[in-house]
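Participant: no FASTA, just this:
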């Protein structure tokens, strides 16, 4: 699972530009979405469960969280009803569709690995250019992105590079002299994976069309379209000076033609040699990537509609399971189990590690290493599959509770189950409060409508 991080969040000319703290809160909210794509939360709960702290002082930390929520709402990225609220106010938060040029997907696991908001934000700034020959930036550029002085930007970037959050490729020197006997140096490039210093690609860039597509004429291009595994779909990768489209990028992402991939990567690198080229390629690439993901999700949804029970293996494969094949599935190869919300068709899923107990460490829930509990949970799941009934979310939770009760029949108050129950109760209270408020609002609307009718 990944967080949809729009490129505009790091574009200092965009209305959606976020600060490091705002970006971190956005990511946190995104990882807590329900399957109905909303979050029921409060400032207090965020403060209690956030992996990091913006301030050592509790009151200051909560104030920063509240301001981030209000700013995200003001910028049109999230929505909730309250304009003024307290730290314990239940907020029903939804996510808005924004007009943005593409996004980068950051995995939940990667997000939770960051120790502070700045590391997370810098990683995102670089990650969105990873497929476009890296993020080219001067220290002045970093200062603008991070909204700090150049001196501070240098300190921050050198530190994150030293700690391996991102990696730097030092810019080479050109033939141009900026002063006597001193050559002009190109901007550094940054990556999220360690890279070797690269030789410059040989390419010649020409102007863009009015539609902001880029035409590239590559010199010494000896790649032939003659290929034993030649891509049969129509594309423009071998056409010199052609305007590349999202369909061309989609074919690049889904083809098995190795020569075509090499040709496409050469042209992509050539286009990305300047900022405008990077932006255009990034936009087209993200559109193509979204198409690939949509098709994969569509296929998975259609597959799940035809299945009574199913699991996803660790290699990503979805397997329908029943009494005939369930015993042949190795639990060690299982990533998650699908279940239904209302018994209609499989939609949600729970990780196989969820059958374990765990504990909160630094406000983060960490599972215990209990393969015996996972094995027992799997046994109960196998028993259910053999009944021929579709697994529901309630049944999934029932299996988990059964496992915990079997292994810890005398579970004490300080154990994680009680902690988790307290958190669950807090969510229930928030939901009930929100329901009451909604009902009161509905009654007020009915009264207002009745008054209008009487007037008429």
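Facilitator: Right, received. Where do you want to start? This is a predicted model, so every value here is computed, not measured. Numbers count the residues shown, from 1 in each chain.

Participant: what residue ranges in the chain score low on pLDDT?
Facilitator: For the chain, the stretches with pLDDT under 70 are 100-101, 171-185, 195-229, 343, 363, 411-431, 441-456.

Participant: Show me the helices in it, by range?
Facilitator: Counting by DSSP state H, the chain has helices at residues 20-31, 43-49, 58-74, 108-112, 117-127, 139-146, 150-162, 246-254, 258-271, 275-305, 371-385, 393-407, 416-455.

Participant: Please tabulate those helices in TSV, including the columns distance to residue 315 and mean neighbour count.
Facilitator: C-beta: built from backbone N, CA, C; applies to glycine. What follows is those, written out as TSV (distance: least, CB to CB, whole Å; neighbours: other CB atoms under 10 Å):
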stretch	distance to residue 315	mean neighbour count
helix 20-31	23	22
helix 43-49	31	18
helix 58-74	36	17
helix 108-112	17	15
helix 117-127	24	23
helix 139-146	37	18
helix 150-162	32	15
helix 246-254	19	19
helix 258-271	22	19
helix 275-305	14	16
helix 371-385	18	18
helix 393-407	22	16
helix 416-455	30	12
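
Participant: can you redo those as a markdown table with distance to residue 327?
Facilitator: Shown next, in a markdown table, are the helices of the chain (distance: least, CB to CB, whole Å):
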| stretch | distance to residue 327 |
| --- | --- |
| helix 20-31 | 35 |
| helix 43-49 | 39 |
| helix 58-74 | 49 |
| helix 108-112 | 31 |
| helix 117-127 | 42 |
| helix 139-146 | 54 |
| helix 150-162 | 49 |
| helix 246-254 | 36 |
| helix 258-271 | 40 |
| helix 275-305 | 22 |
| helix 371-385 | 7 |
| helix 393-407 | 17 |
| helix 416-455 | 30 |
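
Participant: Would you mind saying which of those lies nearest residue 331?
Facilitator: The closest of those to residue 331 is helix 371-385. By CB to CB, the value is 4.3 Å.

Participant: which strands and helices sit next to that closest one?
Facilitator: helix 393-407 (3 or more CB pairs under 8 Å, 6 or more residues apart in numbering; DSSP states H and E).

Participant: Need the residues that contact the helix it packs on.
Facilitator: The contact list for helix 393-407 (CB atoms under 8 Å, 6 or more residues apart in numbering) reads 337, 339-341, 348, 350, 354-355, 357, 370, 372-373, 376-377, 380-381, 384, 411, 417.

Participant: Name all residues that make contact with the residue nearest to residue 117 when sequence neighbours are not counted.
Facilitator: Spatially, and ignoring its direct neighbours in sequence, residue 117 is nearest to residue 24 (3.9 Å; CB to CB, 6 or more residues apart in numbering). Shown in contact with residue 24 (CB under 8 Å, 6+ apart): 52, 68, 114, 117, 120-121.

Participant: biggest separation within those, which pair?
Facilitator: The span of these, defined through CB to CB, is set by 68 and 114 at 15.8 Å.

Participant: Return the member of the contacts of residue 24 nearest to residue 364.
Facilitator: residue 52 (9.8 Å).

Participant: can you tell me which residues contact the closest one?
Facilitator: 24, 114-117.

Participant: From residue 152, how far off is it?
Facilitator: Separation of residue 52 from residue 152 (CB to CB, to the nearest Å): 20 Å.
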